[in-house]
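Build me a model:
(2 chains)
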Amino acid sequence: MAEIVAAVCCSHAPGLSNNPPLAQPEQRQRLEAGFAELRRRLAAARPDLIVMFVNDHIQNFTYANMPAFCVGVADTYDAPGPGSERSLKIPARKVAGKPAWAGDLLESGHAAGVDFAYAYEIESWDDMSVPLHFLVPDNDVPVVPIYTNCAAPPLPTPKRCREVGAFVGEFIRSRRGSERIALVATGGISHWVGTPQTGRIDPDWDQWVLDHVARADVEPLARLTWDEIERDGGNGGQEIRNWIALLGAVPGWKGDVLAYEPVAEYITGCATVWVHP
Amino acid sequence: MIKTSYPLNKVLTALVRRHVAKAGLTDDDMTGVELAAAERDALRRGDVAALYDLGANPYLIRRVFRGNFKK
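Have a look, this model is predicted:
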């Protein structure tokens, strides 16, 4: 039977890769140490595949056609693509997908009432590129991304994200064979970006989120409304939908917060969390 | 539901997908999209607060007008 061998929640922000020295040295050191420990634990888990809960920033999915949930079924993903390598300062690279596996997920989802959209072409911005740059620097593990609309309201509810995550967890555990699957969720925690409050971070709200993740107390997170998140976590805080989906896939698993830093220079409350049984 | 302007977001998305950043847009950048006068004016000036109020997506505002933000 397939097995979930690792689960990671972490932030993404362009500043993490394009100008790390911008951050205060102590903050940068603690945060990069958190990513390094995640990388070490992830490698030790020897995953065959990473299923990534992630969100677009209107790079791939536009207002012309905006899916709530979309599974990547591509052979490879640009993470980043040539157009983003300069701004992210990560060399353009192709990350392998696993289309047959993704297709199984898609079809099983439809059979179970989880109507995923699908995409054969995705160019990642910081969403996939930055976490993979830190977590899988050798680019040696294929990825199946599950995109959730966290950027263009109306957004799927956190409750629905948890349900979709629960389905993904059940799908993995129902598979025959000895697949070793890692889950990675990226985004958040609080940040206001592109709004008149750009640059604001709310460490109190971030700590509230982290405390619930640490206790596996997902229900209050899943009950959050768009308005509550927008008020307390900003438009960037809406990305915790990815974390909630991951937590839905591994009920009862608790978060070990390796690092949390409200990095003003990255305009993001940044965290690295190992989630475990 | 949050206010959304499809024409504004259509103009900005076209630039984001080409990884273009600007301080303000030209008439050429807005060709072919029906915009209200206030929207056209805000795009020309790169006025991030006005664009947000008019229903432009903040991620798109940030990507295109990155240099107009203090942070």
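
Which positions in chain A make contact with chain B?
A:57-59, A:62-64, A:83-84, A:87, A:151-154, A:193-196, A:198-199, A:235, A:264, A:267 (CB under 8 Å from any CB of the partner chain). From N, CA and C alone the C-beta is placed, and that goes for glycine too.

can you do 7 Å?
Within chain A, the positions lying close to chain B (CB under 7 Å from any CB of the partner chain) are A:57-59, A:62-63, A:83-84, A:151-154, A:193-196, A:198-199, A:235, A:267.

of those residues, buried ones?
A:57-59, A:62-63, A:83-84, A:151-153, A:193-195, A:198-199, A:235, A:267 (16 or more other CB atoms under 10 Å in any protein chain shown).

How many neighbouring residues does the one residue in chain B that gets nearest to chain A have?
Closest approach between chain B and chain A, counting by CB to the nearest CB: residue B:58, at 2.9 Å. Number of residues near residue B:58 (other CB atoms under 10 Å in any protein chain shown) recorded here: 23.

That one: what's its closest spatial neighbour, skipping adjacent residues?
residue A:194 (2.9 Å; CB to CB, 6 or more residues apart in numbering or on different chains).

Hmm, the one you found is touching residue B:56, no?
No. Between residue A:194 and residue B:56 there is no contact under CB atoms under 7 Å: 8.5 Å.

Could you pull up the mean pLDDT of the one helix or strand residue A:42 maps to?
Using DSSP states H and E, residue A:42 sits within helix A:25-44. For helix A:25-44, mean pLDDT rounds to 98.

quick one: secondary structure of the residue of the stretch 151-277 of chain A found nearest chain B?
Chain B sits closest to residue A:194 of the stretch 151-277 of chain A, with a gap of 2.9 Å, by CB to the nearest CB. When classified by DSSP: H, G, I helix; E, B strand; the rest coil, residue A:194 comes out as coil.

residues in contact with it?
For residue A:194, the contact set (CB atoms under 7 Å, 6 or more residues apart in numbering or on different chains) comprises B:58-59, B:61-62.

okay, it: pLDDT?
Looking at residue A:194, the pLDDT reads 96.

so residue A:257 sits right up against residue A:271, yeah?
Yes. With contact defined as CB under 7 Å, residue A:257 reaches residue A:271; the gap is 6.4 Å.

the more surrounded of these two?
residue A:271 (25 against 16).

The residue nearest to residue B:58 and residue A:34: what is the separation?
Residue A:194 sits 26 Å away from residue A:34, going by CB to CB, to the nearest Å.

What of residue A:207?
For residue A:207, the distance to residue A:34 - CB to CB - is 15 Å.

Give the residue from these two that has the larger number of neighbours.
residue A:34 (23 against 18).

List the contacts of that one.
Counting by CB under 7 Å, 6+ apart, residue A:34 has contacts A:258-259, A:272.

go with 10 Å
A:10-11, A:134, A:257-261, A:270-274 (CB atoms under 10 Å, 6 or more residues apart in numbering or on different chains).

May I see those arranged in a markdown table, with secondary structure as well?
Below are the contacts of residue A:34 laid out as a markdown table (three-state DSSP):
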| residue | secondary structure |
| --- | --- |
| A:10 | strand |
| A:11 | coil |
| A:134 | helix |
| A:257 | strand |
| A:258 | strand |
| A:259 | strand |
| A:260 | strand |
| A:261 | strand |
| A:270 | strand |
| A:271 | strand |
| A:272 | strand |
| A:273 | strand |
| A:274 | strand |
